[in-house]
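Asks: Below is the sequence, then the predicted model.
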Amino acid sequence: MATTVVIVDDHSGFRRMARRMLEDAGFEVLGEAGDGETALSVVALLGPQLVLLDVQLPGLDGFMVAERLADSGSGAVVILTSSRSAADFGARLDLAPAIGFIAKAELSGPAVARLMGAP
């Protein structure tokens with residue numbers, strides 16, 4: 001059974017590319033959101049196993065969204081992503097309720113699967 005995903009990013013072109021990449025790798029993309037507030041609603045409605053979450057969003061940033069998802073008990077795991085490198089976020093990444101971070105330039109189905117615990 002495929003891992004279900006919601007993609008959250010304010011750039012529609014990135015969402016389209018990530019959807020194709022993840023679906024080609026066997027993930028089932030249930031939905032997308034372009035901002036933090038919509039992300040919270042979409043995740044509550046669709047109940048994905050994974051949220052691919054951009055750090056830099058309008059309104060609520062990805063760190064706040066990750067915290068709210070963790071507090072909500074949604075059960076979804078979060079992978080943070082950004083066009084910036086992990087070093088740019090320092091300790092915020094370590095403290096975030098996420099299973100990991102993938103720079104957008106390094107995003108791939110196998111990279112997501114590895115963070116999810118696949119061999």
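Replies: Looks like it arrived, so ask away.
Asks: Nearest residue to residue 33 in space, please, no chain neighbours.
Replies: residue 39 (4.0 Å; Cβ to Cβ, 6 or more residues apart in numbering). Any C-beta I mention is one placed from the backbone N, CA and C, and that applies to glycine too.
Asks: my bad, should have said residue 89
Replies: residue 55 (6.6 Å).
Asks: backbone phi and psi for the one you found, please?
Replies: phi -70, psi -40 (degrees, to the nearest 10).
Asks: can you check the one 5 residues further on too?
Replies: With angles defined as degrees, to the nearest 10, residue 60 shows backbone torsions of phi -70, psi 130.
Asks: next helix or strand past the helix or strand bottoming out on mean pLDDT in the chain?
Replies: Within the chain, no helix or strand scores below helix 91-95, which has a mean of 89 by mean pLDDT, DSSP states H and E. Per DSSP states H and E, the first helix or strand lying C-terminal to helix 91-95 is strand 100-103.
Asks: What residues of that next one count as buried?
Replies: Neighbour-count burial for strand 100-103, counted by 16 or more other Cβ atoms under 10 Å, picks out 100-102.
Asks: From the centroid of the protein, which residue is nearest?
Replies: Centre of the chain computed as the mean C-alpha position; nearest residue by Cα atoms, centre = their mean is residue 52, 1.3 Å away.
Asks: low pLDDT regions in this structure?
Replies: 118-119 (pLDDT under 70).
Asks: quick one, helices of it?
Replies: 12-24, 36-46, 62-72, 91-95, 109-115 (DSSP state H).
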